[in-house]
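**Student:** Model the following, please.
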Amino acid sequence: MIDNLSILETALTIRPHLSQLLGAEAGEQMRQQLDQLLQQVQAGESIEDSIWDLLTDTRATRNWVTQFQQTNTTQKGFNSLPGNISEISAPEFKCPQCDYSWSRDRIGRPTPQCPTHKVTLEPA
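**Tutor:** Numbers count the residues shown, from 1 in each chain. Model prediction:
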């Protein structure tokens, strides 16, 4: 389980790498979204789940976050589980009206609605 402090640490650490991971335009867009969310945290809002959703929205950032969390946990004195942790199978959901898809990254995370059509996502 990743705590809120780890999510914020991850967000601040990935921020300068976004253009390299996503390309200049997409990286800048995600950086702006992340900055807005971090400002909300500074204002006292508890929106770490929204930050986590943004950081794990693309394959490139999701892989970076996974590697960072593994390295960070090991450096703090915890040993990671043995075996390959590069990819796991996560339930995927899709919008019935477009190509938007979303994967559940944590048990108990509610399935969101499509941001465009505001309809419940269906299992893929």
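
**Student:** which other residues reach stretch 43-55?
**Tutor:** Here stretch 43-55 makes contact (CB atoms under 8 Å, 6 or more residues apart in numbering) with 2, 4, 7-8, 10-11, 14, 30, 33-34, 37-38, 40-41, 61-62, 65, 105, 109, 112. Every C-beta, even on glycine, is put in place using the N, C-alpha and C of the backbone.

**Student:** Check whether Phe68 really touches Arg15, as I assumed.
**Tutor:** No - at 11.9 Å, Phe68 and Arg15 do not qualify as touching, with contact defined as CB atoms under 8 Å.

**Student:** which is the next helix or strand following the longest helix belonging to the chain?
**Tutor:** Taking DSSP state H as the criterion, the chain has its longest helix at helix 24-42. Per DSSP states H and E, helix 24-42 leads on to helix 48-55 as the next helix or strand towards the C-terminus.

**Student:** Which of the residues in that next one are classified as buried?
**Tutor:** Going by neighbour count (16 or more other CB atoms under 10 Å), the buried part of helix 48-55 is 48, 50-52, 54-55.

**Student:** residue boundaries of the strands in this protein?
**Tutor:** Remark: strands assigned in the chain by DSSP state E are 92-94, 101-103, 122-123.

**Student:** neighbouring strands for the second one, and are they parallel or not?
**Tutor:** Take DSSP bridges as the rule and strand 101-103 pairs in its sheet with strand 92-94 (antiparallel).

**Student:** for the record, mean pLDDT for the partner strand?
**Tutor:** Here strand 92-94 scores 87 as its mean pLDDT.

**Student:** For the spatially most central residue of the chain, give me its contacts.
**Tutor:** Central residue of the chain (CA atoms, centre = their mean): Thr56, 2.2 Å from the mean position. Contact analysis of Thr56 by CB under 8 Å, 6+ apart lists 62, 65, 105.

**Student:** Columns pLDDT on top of those residues, output as CSV?
**Tutor:** Formatted as CSV, these follow (pLDDT from 0 to 100):
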residue, pLDDT
Arg62, 91
Val65, 90
Asp105, 70
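
**Student:** can you tell me which of these are in helices?
**Tutor:** With helices taken from DSSP H, the overlap with these comprises 62, 65.
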